[in-house]
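In: Provided below for reference: sequence and predicted model.
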Amino acid sequence: MADLVECHSGFAYADRPTALRWKGERLEVAMILKSWLTPTGKCFRVRTIDDRTFELIYDLDSDQWSVLNTTAVESYDGF
């Protein structure tokens, strides 16, 4: 199985995500909207080239990525 997230790694692993897999489709990251650290790893909110948004969560302990589609939440103007 292919990795859920492809990333550029410079000084440390997962400096910046470059692509992700969602439902069997490879999506290129157009822009990083936000990045932050948690006690367990790194998180990124990204926009793909087809204008969808995702949260990418990397857990350092398990060396695993999680991918959450946040497109519907981002497009709702009621927040």
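Out: Perfect, I can see it now. Residues are numbered from 1 along each chain as shown.

In: Strands of the chain, residue ranges please.
Out: 5-8, 16-22, 25-38, 41-48, 53-59, 64-69 (DSSP state E).

In: And Arg21, how close does it get to Thr38?
Out: Between Arg21 and Thr38 the computed distance is 22 Å (Cβ to Cβ, to the nearest Å). Where you see a C-beta, it was placed from the backbone N, CA and C, and this is true even at glycine.

In: Comparing these two, which residue is more hemmed in?
Out: Remark: of Arg21 and Thr38, Arg21 carries more neighbours, 16 against 11, as counted by other Cβ atoms under 10 Å.

In: Need phi/psi at the residue nearest to the more buried one when sequence neighbours are not counted.
Out: Counting by Cβ to Cβ, 6 or more residues apart in numbering, Leu4 is the residue found nearest to Arg21 once chain neighbours are left out, at 5.3 Å. Dihedral angles of Leu4 (phi, psi; degrees, to the nearest 10) stand at phi -70, psi -30.

In: Make 58 the starting number, not 1.
Out: Done: numbering now begins at 58, and the last item shifts to Leu61.

In: Please name the residues that touch Leu61.
Out: Leu77, Arg78, Trp122, Ser123, Val124 (Cβ atoms under 8 Å, 6 or more residues apart in numbering).

In: Neighbours of Lys99, how many?
Out: Lys99 has 21 nearby residues by other Cβ under 10 Å.

In: What part of this protein, helix or strand, is modelled with the least confidence?
Out: helix 128-132 (a mean of 66; mean pLDDT, DSSP states H and E).

In: which of the residues in stretch 113-132 are buried?
Out: Applying a neighbour-count criterion of 16 or more other Cβ atoms under 10 Å, one finds Leu113, Ile114, Tyr115, Trp122, Val124 buried in stretch 113-132.

In: Same check on stretch 69-79?
Out: Within stretch 69-79, the residues that qualify as buried are Ala71, Pro74, Ala76, Leu77, Arg78, counting by 16+ other Cβ under 10 Å.

In: Alright, I will stop here.
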